[in-house]
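**Student:** how would this look folded up:
(one chain, ligands or ions: 1)
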Amino acid sequence: MYPLRRNRRLRTNESIRSLVRETIISPNDFLVPLFIVEGQGVKEEIASMPNYYRFSLDLLEKEVKDLWAMGLKAVLLFVKVPDHLKDNEGKEAVNPKGLMQRAIKTVKNACPEMLVMTDVALDPYSSYGHDGIVADGQIVNDDTVEVLANMSVSHAQAGADFVAPSDMMDGRILSIREALEDEGFIDTGIMSYSAKYASAFYGPFRDALDSAPGFGDKKTYQMDYANRFEAIKETEMDIDEGADIVMIKPGLCYLDIVREIKNEVDVPVAVYQVSGEYAMVKAAAEKGWLDHDAVMMEQLTAIKRAGANIIASYFAKDVVRLLG
Ligand code: PBG
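**Tutor:** Numbers count the residues shown, from 1 in each chain. You can find the predicted model right below:
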């Protein structure tokens with residue numbers, strides 16, 4: 001009577017496979033990153049991110065309406081700041097008429113129900129291309145945190161639903177939470193990039209925003225990719241400091257970390273499938289070496305299976321089109 005169990009029975013055809021499938025990708029899973037530039041009528045493709053674009057505000061309006069019509073209900077905004085507005089302290093980051101602040105209003109006007117999250121870090125504003133203020137070749141923690149808190153309040157004033165600090169300074173979540181509370185923004189959420197690794201996969205993103213570090217690297221603030229316990233500690237500290245959602249970044253190489261954090265915490269877990277991950281799939285598909293849609297779905301399903309409740313991904317529109 002051997003075998004009593006034949007596991008292949010549950011794989012016989014698509015009907016039974018879909019009945020027992022554990023992980024399903026839907027438009028509700030996605031947070032759509034958007035790159036915004038100054039100008040009129042600008043929709044420019046990012047060289048290292050095929051079929052991904054920077055939009056000026058007028059075209060951003062159309063883009064968010066399209067996203068909403070596709071069932072994509074959350075965006076994560078990034079701005080490309082003109083060089084002449086960059087400095088060491090990120091003064092432009094708190095300009096109420098700055099590009100980010102106008103972008104938030106543009107999205108909310110075009111589509112009031114669209115959930116707007118904003119990137120909070122100094123790199124697009126920094127003349128050094130670093131996420132914090134530079135002094136004597138070092139990234140200064142506490143002065144940076146003060147700017148990040150002001151920047152978060154400025155985004156909330158413009159109408160952001162969530163701020164998403166991606167800088168990895170110590171103590172920033174608490175300072176941001178306190179600043180938001182002090183200004184009465186009790187419902188503005190914080191999605192913290194809590195386990196953000198110093199990764200070579202961010203290359204195309206830095207092309208998109210022209211934000212590569214002018215000297216050195218980001219290893220004194222972003223985490224060493226060899227480390228695991230540190231990711232748990234960072235994440236637990238961010239939750240204690242007031243993070244509503246925590247994030248692990250990048251995605252695919254870090255799914256062990258995603259699962260561990262998911263098992264430890266009781267807040268939603270987000271994963272950022274970053275620009276380099278997107279670029280690799282696009283490049284291999286262009287060469288005809290990989291099946292784009294199949295690989296895309298396999299990777300996103302793996303990210304969700306590992307424990308992601310939310311996925312920030314440049315593939316969001318591709319997925320919705322595929323799902324039909
Ligand atoms: C900036 C920031 C980066 C990304 C998101 N926010 C780049 C960096 O830390 O250098 C990367 C996103 C991606 O690669 O898609 N703080």
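
**Student:** can you give me the strands in the stretch 51-200 of the chain?
**Tutor:** Ranges of strands within the stretch 51-200 of the chain are 74-79, 115-120, 133-135, 138-140, 162-165, 189-196, based on DSSP state E, counting those that start in this stretch.

**Student:** Pull up the residues of the stretch 51-200 of the chain that are close to the ligand.
**Tutor:** 119, 121, 123, 131, 166, 167 (Cβ under 6 Å from any ligand atom). From N, CA and C alone the C-beta is placed, and that goes for glycine too.

**Student:** returning to what we had before: in CSV, list the strands of the stretch 51-200 of the chain along with mean neighbour count, distance to residue 215 and mean pLDDT.
**Tutor:** Shown next, in CSV, are the strands of the stretch 51-200 of the chain (neighbours: other Cβ atoms under 10 Å; distance: least, Cβ to Cβ, whole Å; pLDDT from 0 to 100):
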stretch, mean neighbour count, distance to residue 215, mean pLDDT
strand 74-79, 23, 22, 98
strand 115-120, 24, 22, 98
strand 133-135, 18, 8, 96
strand 138-140, 17, 11, 96
strand 162-165, 26, 23, 98
strand 189-196, 26, 20, 98
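
**Student:** May I see the ones you listed organised as TSV, with distance to residue 277 added?
**Tutor:** Formatted as TSV, these follow (distance: least, Cβ to Cβ, whole Å):
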stretch	distance to residue 277
strand 74-79	16
strand 115-120	18
strand 133-135	29
strand 138-140	26
strand 162-165	18
strand 189-196	14
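
**Student:** Mind checking the ones you listed for the one nearest to residue 230?
**Tutor:** Across these, residue 230 has its closest neighbour in strand 189-196 (7.9 Å, Cβ to Cβ).

**Student:** in its sheet, what does that closest one sit against?
**Tutor:** strand 162-165 (parallel), strand 245-249 (parallel) (DSSP bridges).

**Student:** quick one: pLDDT of the nearest residue to residue 10 once chain neighbours are set aside?
**Tutor:** If the residues on either side of it in the chain are set aside, residue 10 comes closest to residue 20, at 5.2 Å by Cβ to Cβ, 6 or more residues apart in numbering. Per-residue confidence (pLDDT) for residue 20: 98.

**Student:** okay, now residue 20: neighbour count?
**Tutor:** Applying other Cβ atoms under 10 Å, we find 8 residues neighbouring residue 20.

**Student:** Residue 156 too?
**Tutor:** Residue 156, neighbours per other Cβ under 10 Å, totals 23.

**Student:** For the longest helix along the chain, list the C-alpha coordinates in CSV.
**Tutor:** Criterion DSSP state H: the longest helix present in the chain is helix 141-158. Provided in CSV are the C-alpha atoms of helix 141-158 (Å, rounded to 0.1, in the frame of the first residue of the first chain):
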residue,chain,number,x,y,z
ASN,A,141,23.3,61.9,12.6
ASP,A,142,21.4,64.2,14.9
ASP,A,143,21.4,67.4,12.8
THR,A,144,20.1,65.3,9.9
VAL,A,145,17.3,63.9,12.1
GLU,A,146,16.2,67.4,12.8
VAL,A,147,15.9,68.2,9.1
LEU,A,148,14.1,64.9,8.4
ALA,A,149,11.5,65.8,11.1
ASN,A,150,10.9,69.2,9.5
MET,A,151,10.8,67.6,6.1
SER,A,152,8.1,65.1,7.3
VAL,A,153,6.0,67.9,8.7
SER,A,154,6.3,69.8,5.4
HIS,A,155,5.1,66.7,3.5
ALA,A,156,2.2,66.3,5.9
GLN,A,157,1.3,69.9,5.5
ALA,A,158,1.2,69.4,1.7
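
**Student:** Residues contacting it, please?
**Tutor:** 89-90, 93-96, 98, 100-102, 104-105, 118, 120-122, 131-133, 163, 165, 167, 169-172, 175-176, 178-180, 183, 185, 188, 190 (Cβ atoms under 8 Å, 6 or more residues apart in numbering).

**Student:** List buried residues within these.
**Tutor:** Neighbour-count burial (16 or more other Cβ atoms under 10 Å) applied to the contacts of helix 141-158 gives 89-90, 93-94, 98, 100-102, 104, 118, 120-122, 131-133, 163, 165, 167, 169, 172, 175-176, 179-180, 183, 185, 188, 190.

**Student:** got the contact list for residue 22?
**Tutor:** By Cβ under 8 Å, 6+ apart, residue 22 lies in contact with residue 305.

**Student:** what about 10 Å?
**Tutor:** Residues in contact with residue 22, defined by Cβ atoms under 10 Å, 6 or more residues apart in numbering, are 301, 304, 305.

**Student:** Scan those residues and report the most crowded one.
**Tutor:** Counting by other Cβ under 10 Å, top hit in those: residue 304 with 20 neighbours.

**Student:** any idea which helix or strand carries that one?
**Tutor:** Here residue 304, judged by DSSP states H and E, is contained in helix 292-305.

**Student:** can you pull the contacts of the residue found closest to residue 31 once you drop the neighbours it is linked to in the chain?
**Tutor:** What sits nearest to residue 31 in space, not counting adjacent residues and going by Cβ to Cβ, 6+ apart, is residue 312, at 4.3 Å. Shown in contact with residue 312 (Cβ under 10 Å, 6+ apart): 30-33, 74-76, 117, 164, 191, 193, 247, 249, 251, 270-274.
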